[in-house]
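**Student:** With the input below, show me the fold.
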Amino acid sequence: MRAERVGSETVLAQIVNLVAQAQRSRAPIQALADKVAAWFVPAVLAVAVLTFAGWMLWGPEPRLAYAITNAVAVLIIACPCALGLATPMSVMVGVGRGAQTGVLIRNAEAIEKLAQLDTLVVDKTGTLTEGKPRLAEVLPVNGFTGAELLRLAASLELGSEHPLAHAVVVAARERGIQVAAAGDFQSTTAGGVLGTVAGRRVLVGKPSFLQDHGVRDLGALEALAAPRQAQGASAIFVAVDGRAAGVLTVEDPVKPSAREALPQLTELGVSVIMLTGDNARTAESVARRLGLAAYEAGVTPQGKHQKVLSLKAAGRHVGMAGDGINDAPALAAADVGIAMGSGTDVAMESATVTLVKGDLRGLARAIRLGRAVRRNIRQNLLFAFLYNALGIPIAAGVLYPLFGWLLSPIIAGVAMSLSSVSVVGNALRLRRIAV
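**Tutor:** Numbers count the residues shown, from 1 in each chain. Down below sits the predicted model:
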């Protein structure tokens, strides 16, 4: 056995570090508490001074004793511990609860934005589908054999990191076909790859990519691909020495969790839009199986990025879910970027939320958790404000003329502690919340 990563380099250690960083981060709503505290402290000092002066002027004997006691009670009961704990406690517990359910949240700001999401843009391959495509058919034309077509395509795809390319290479090796690295390799994002294999110029990719490089006889290939694409398969077009050589069809099953997750998101009031670089027929088939009404096909990485920006400009709160390098710009541009834990490191670095197992049901869990944390923070802040609003006048002695009641500094100290305990207890309820 060989340990490839140990200590701080292991996935578990990185998850622990990520959760710890998120728990120490500040939520935007904390700024409200900070602004209130900036006015609250001087106001409390002023109330304490007025309390002292009032009891010295109009209080019963011994006036000095009453004045000092009540002024100190005001200062003690007004200690803004509960106000300071309200937000960070909810964030800390919420982030921990998310980690327990497989939702890693990078910072507190992401929690608030999750609560506001009303639109979710999702990639297809690796997000709605398993991301483990397998070669289904090899369809040669123009005199090429299936083995020859697969050998040339796989040799070229060795240099590509795309999941479909990996499926082609794996299929060639499983069939005992010798694969050798291509020369003059070039890759075009969301287009295809080209290079030289055994002295022959090979192009593999989308029809538009082949056409841009001078391949014109693609009608037969598109006719072969159309019925397979209508059933949800992806088609990879191959040209050799400027002529159409054949089509490779790749199937990537839809995730079972996607079928469950999308209705849950709809119930939460979130609109889901699928963006994919795949063919329109393939995209339509996947959308139909999942019951998705909104989708766009043939979208480049730049197109995904622009779509996210346009939705945000229209006033939407946008989340983007993806797993690949191509999704990174859109993940970074979204209000909340959501990466699949089974995806690339670039995608996870660009996102603020990671679904550890790539389970799409985690999207609904993340949104429910965000809304629960936001609600919990508001409850804590409301309690802290009400506590001080009620406690300070009582400590100052407003009830003394009517009932003869005074609040001793000891009782004020106990009440102040109990307010903090109440906030902590309310935040801890998030540990048991069902998401």
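**Student:** So in the protein, which helix runs the longest?
**Tutor:** helix 361-396 (DSSP state H).
**Student:** contact partners of whatever helix or strand comes next after that helix?
**Tutor:** Once the chain leaves helix 361-396, the next helix or strand it forms, by DSSP states H and E, is helix 400-403. Outside helix 400-403, the residues that touch it by CB atoms under 8 Å, 6 or more residues apart in numbering are residue 406. No exception for glycine: its C-beta is placed from N, CA and C like everyone else's.
**Student:** which of the residues in helix 400-403 are buried?
**Tutor:** residue 400 (16 or more other CB atoms under 10 Å).
**Student:** what's the answer for stretch 351-367, then?
**Tutor:** 351-356, 358-367.
**Student:** of the residues you listed, closest to residue 246?
**Tutor:** Of all those, residue 358 has the smallest distance to residue 246: 32.1 Å, by CB to CB.
**Student:** tell me which residues in the longest helix of the chain are buried?
**Tutor:** Buried-residue list, helix 361-396, by 16+ other CB under 10 Å: 361-374, 376-377, 379-381, 383-385, 387-388, 391-392, 394-396.
**Student:** just checking, what's the longest strand in the protein?
**Tutor:** Criterion DSSP state E: the longest strand present in the chain is strand 243-251.
**Student:** May I have the strands that pair with that one, each with its orientation?
**Tutor:** strand 134-140 (antiparallel), strand 234-240 (antiparallel) (DSSP bridges).
**Student:** Please tell me how far that strand is from the chain's geometric centre.
**Tutor:** On the basis of CA atoms, centre = their mean, to the nearest Å, strand 243-251 sits 35 Å off its chain's mean C-alpha point.
**Student:** Show me what it is in contact with.
**Tutor:** 133-142, 144, 146, 149-150, 152-153, 164, 167-168, 210, 215, 217-218, 220-221, 224-225, 228, 232-239.
**Student:** how about that strand: buried residues?
**Tutor:** Within strand 243-251, judged by 16+ other CB under 10 Å, the buried ones are 244-251.
**Student:** Most widely separated two among the buried residues of stretch 351-367?
**Tutor:** Among the buried residues of stretch 351-367, 352 and 361 lie farthest apart (CB to CB), at 18.9 Å.
**Student:** which residues touch the residue nearest to residue 363 when sequence neighbours are not counted?
**Tutor:** Residue nearest to residue 363 in three dimensions, not counting chain neighbours: residue 261, with 5.7 Å by CB to CB, 6 or more residues apart in numbering. Counting by CB under 8 Å, 6+ apart, residue 261 makes contact with 359-364.
**Student:** Any stretches of the stretch 301-435 of the chain with poor pLDDT?
**Tutor:** Along the stretch 301-435 of the chain, the model assigns pLDDT under 70 to residues 324, 342-350.
**Student:** Out of the contacts of residue 261, which is nearest to residue 277?
**Tutor:** So of these, ranked by how close each gets to residue 277 (CB to CB), first place is residue 360, at 19.2 Å.
**Student:** And what about the residue located most distally from the centre of the chain, helix, strand or coil?
**Tutor:** Within the chain, the residue lying farthest from the chain centre (CA atoms, centre = their mean) is residue 61, at 64.3 Å. Under DSSP: H, G, I helix; E, B strand; the rest coil, the three-state class of residue 61 is coil.
**Student:** Give me the distance between it and residue 54.
**Tutor:** Distance of residue 61 to residue 54, given as CB to CB, to the nearest Å: 15 Å.
**Student:** coming back round to it: out of the contacts of strand 243-251, which are buried?
**Tutor:** Here, 16+ other CB under 10 Å leaves 133, 135-141, 144, 149-150, 152-153, 164, 167-168, 210, 215, 218, 221, 224-225, 228, 232-239 buried among these.
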